[in-house]
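Engineer: Got a sequence here, can you model it:
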Amino acid sequence: MKTKIVCRDLCFGEGPRWHDGRLFLSDMHDYKVLAIDQWGRKETIVEVPGQPSGLGWMPSGDLLVVSMVDRKLMRFDGKRLAVHADLSALAQFHCNDMVVDAHGRAYVGNFGFDLHANAPFRATDLIAVEPDGAARIVASDLGFPNGAVITPDGNTLVVAESFGGKLTAFAIGAGGDLSGRRAWAALPQGVVPDGICLDRGNGIWLASPATNECLRVEEGGAVTHRIELDQGAFACMLGGPGERALYILTAPGSHPEQCRAARGGRVEVIDAPYPRAGLP
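Structural biologist: Numbers count the residues shown, from 1 in each chain. Below you'll find the predicted structure:
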């Protein structure tokens, strides 16, 4: 299985989302949220000085953007970027990916430690941000909570624990609280789950930068598909016609200064066996 390159010259792509017929993503180390059409044409949607990561939409249509280094969740109404929630008192280090539910509630992960300075690993928390901006911790002791999905019925959240080598599921309560933590899938040795997306075959695609591949995994851990790439895979999203094109964001590495110098980030695409399901 070989991918087609749709777009080049990114610093470092993260948080891909299929929305209104285009692929939205954060070019994290270029401080921009972009939208890319099927021909690879780019549009800058908004610039985020604190480094954008996870993306999602409110029921109103406003765009929520994780601002990483200042640990804030921003809200963009098409004209103005404003603080939706300040998470600096809850997040232990830089915020990263998130998923936004049908009500506009966001579940936001964070590093837990200074990854690029080679600081010691520290488990961290998952934060829920309500539509009014109120924030609280809803899960703890996670190994670098990263990409997350919500099942189509809205009842289950699955989060990638990048430093845990696994996908972990929670039941979502009526008020957005999480309970019933369980292992959704243990992953093969060496696989580091980063961004993830869900398909209608009840499988989760995950990008693994450590092994330069994108894998499809079913609950319990069975790997059904593997896509090998020539550089790190950091995030993935199903979209395109019929929502069964798998977009993969790749880059030579993730260190900010190196990414800005190399601009080796790409959007690659390949046909998938099932269309997109759930959120994001």
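Engineer: where are the low-confidence patches of the stretch 51-200 of the chain?
Structural biologist: Along the stretch 51-200 of the chain, the model assigns pLDDT under 70 to residues 113-114.
Engineer: Can you show me the strands along it?
Structural biologist: 52-57, 63-67, 72-76, 81-86, 95-100, 106-110, 124-129, 135-142, 145-150, 156-161, 166-172, 178-186, 196-198 (DSSP state E, counting those that start in this stretch).
Engineer: Any chance of the ones you listed in a markdown table with mean neighbour count and distance to Glu268 as columns?
Structural biologist: For every residue, glycine as well, the C-beta is placed using N, CA and C. Below are these laid out as a markdown table (neighbours: other Cβ atoms under 10 Å; distance: least, Cβ to Cβ, whole Å):
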| stretch | mean neighbour count | distance to Glu268 |
| --- | --- | --- |
| strand 52-57 | 26 | 19 |
| strand 63-67 | 25 | 23 |
| strand 72-76 | 21 | 27 |
| strand 81-86 | 17 | 29 |
| strand 95-100 | 27 | 19 |
| strand 106-110 | 28 | 24 |
| strand 124-129 | 23 | 29 |
| strand 135-142 | 16 | 29 |
| strand 145-150 | 27 | 17 |
| strand 156-161 | 25 | 19 |
| strand 166-172 | 20 | 22 |
| strand 178-186 | 15 | 24 |
| strand 196-198 | 26 | 14 |
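Engineer: Pipe these into CSV and attach distance to Leu249 per row.
Structural biologist: CSV is the format used below for the strands of the stretch 51-200 of the chain (distance: least, Cβ to Cβ, whole Å):
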stretch, distance to Leu249
strand 52-57, 12
strand 63-67, 15
strand 72-76, 20
strand 81-86, 22
strand 95-100, 12
strand 106-110, 17
strand 124-129, 22
strand 135-142, 22
strand 145-150, 11
strand 156-161, 14
strand 166-172, 19
strand 178-186, 21
strand 196-198, 11
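Engineer: was I right about Ala169 contacting Leu157?
Structural biologist: Yes. Taking contacts as Cβ atoms under 8 Å, Ala169 lies within contact range of Leu157: 7.0 Å.
Engineer: Give the residues shared as contacts by the two.
Structural biologist: Counting by Cβ atoms under 8 Å, 6 or more residues apart in numbering, no residue touches both Ala169 and Leu157.
Engineer: Do a quick rundown of the helices in the stretch 151-280 of the chain.
Structural biologist: Secondary structure of the stretch 151-280 of the chain (DSSP state H, counting those that start in this stretch): helices at 256-262.
Engineer: what bridges to the nearest residue to Leu279 once chain neighbours are set aside?
Structural biologist: Among residues not flanking Leu279 along the chain, Ile150 sits closest, at 4.3 Å (Cβ to Cβ, 6 or more residues apart in numbering). Here Ile150 sits in beta bridges with Leu157, Leu279, going by DSSP bridges.
Engineer: what's near enough to touch Ile150?
Structural biologist: Contacts were defined as Cβ under 8 Å, 6+ apart; by that measure Ile150 touches 99, 101, 156-158, 172, 278-279.
Engineer: One more: Met58?
Structural biologist: Counting by Cβ under 8 Å, 6+ apart, Met58 touches 64, 75, 100, 104, 131.
Engineer: a markdown table please, covering the residues you listed and showing distance to Thr3.
Structural biologist: Below are those laid out as a markdown table (distance: Cβ to Cβ, whole Å):
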| residue | distance to Thr3 |
| --- | --- |
| Leu64 | 29 |
| Arg75 | 33 |
| Val100 | 27 |
| Gly104 | 33 |
| Pro131 | 37 |
